[in-house]
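Enquirer: Quick one, structure for this:
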Amino acid sequence: MDLKEYSGYSLSFIGDAVYTLKVREYFVGHHYQSSRSLQRLCNSYNSAAGQTKIFRRLEAEGFFNETEMDAYKRGRNHITHIPKNGDLQTYECASGLEAICGYLYLTDQKRLDLFFEKVFEGGV
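Expert: Alright, predicted model coming up:
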């Protein structure tokens, strides 16, 4: 797949769904049963602030390659509005991380699996 075939918005849109599902699968698979603990844990990973922390940690570790950073930049640049309880930089970064996730889902399942290993390994 050529990265240019998808808009930054499309990559983020797909990535958001994949990211949310993987986070939920992880915590359900680790036997978290109460709805309160599941919701709290998932929200910590799925929030813009949580995604930004994860991106910054993985970036500092040098995890992302050049193509993944291109997907990040495309996803980050598609933000057109800021929710009232956030700031532009946080939402741009989270959208960029979702774009990486969407790109990996569409192109490289093994790398996507490694991505999520790293996400959960370091936590939020």
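Enquirer: Name the helix or strand of the chain that has the lowest mean pLDDT.
Expert: helix 35-46 (a mean of 87; mean pLDDT, DSSP states H and E).
Enquirer: now the angle from the following helix or strand past it to helix 35-46?
Expert: Per DSSP states H and E, helix 35-46 leads on to helix 48-60 as the next helix or strand towards the C-terminus. With axes from the mean of the first three to the mean of the last three Cα atoms, to 10 degrees defining the directions, helix 48-60 sits at 50 degrees from helix 35-46.
Enquirer: Could you list every helix and strand in contact with helix 48-60?
Expert: helix 35-46, helix 88-107, helix 109-122 (3 or more Cβ pairs under 8 Å, 6 or more residues apart in numbering; DSSP states H and E). Glycine gets a C-beta too; all of them are placed from N, C-alpha and C.
Enquirer: which other residues reach the longest helix along the chain?
Expert: Secondary structure of the chain per DSSP state H: the longest helix is helix 8-29. Applying Cβ atoms under 8 Å, 6 or more residues apart in numbering, the external contacts of helix 8-29 come out as 6, 38, 41-42, 45-46, 51, 71, 73-78, 95-103, 105-106, 112, 116, 120.
Enquirer: Can you tell me which of those are buried?
Expert: Buried subset of those (neighbour count, 16 or more other Cβ atoms under 10 Å): 6, 41-42, 45-46, 51, 71, 74-76, 78, 95-103, 105-106, 112, 116.
Enquirer: among the helices and strands packed on helix 48-60, which is nearest G62?
Expert: For these, the distance to G62 is smallest for helix 109-122, at 11.2 Å, taking Cβ to Cβ.
Enquirer: got the buried residues for that closest one?
Expert: In helix 109-122, counting by 16+ other Cβ under 10 Å, buried: 112, 115-116, 119.
Enquirer: same thing with stretch 26-44?
Expert: For stretch 26-44, by 16+ other Cβ under 10 Å, it's 26-27, 32, 41-42.
Enquirer: Could you work out the end-to-end span of that stretch for me?
Expert: 13 Å (Cα to Cα, to the nearest Å).
Enquirer: returning to what we had before: may I see the buried residues of the longest helix of the chain?
Expert: 8-16, 18-19, 22-24, 26-27.
Enquirer: nearest to F64, of the helices and strands packed on helix 48-60?
Expert: helix 88-107 (6.8 Å).
Enquirer: Right, I'll leave it there.
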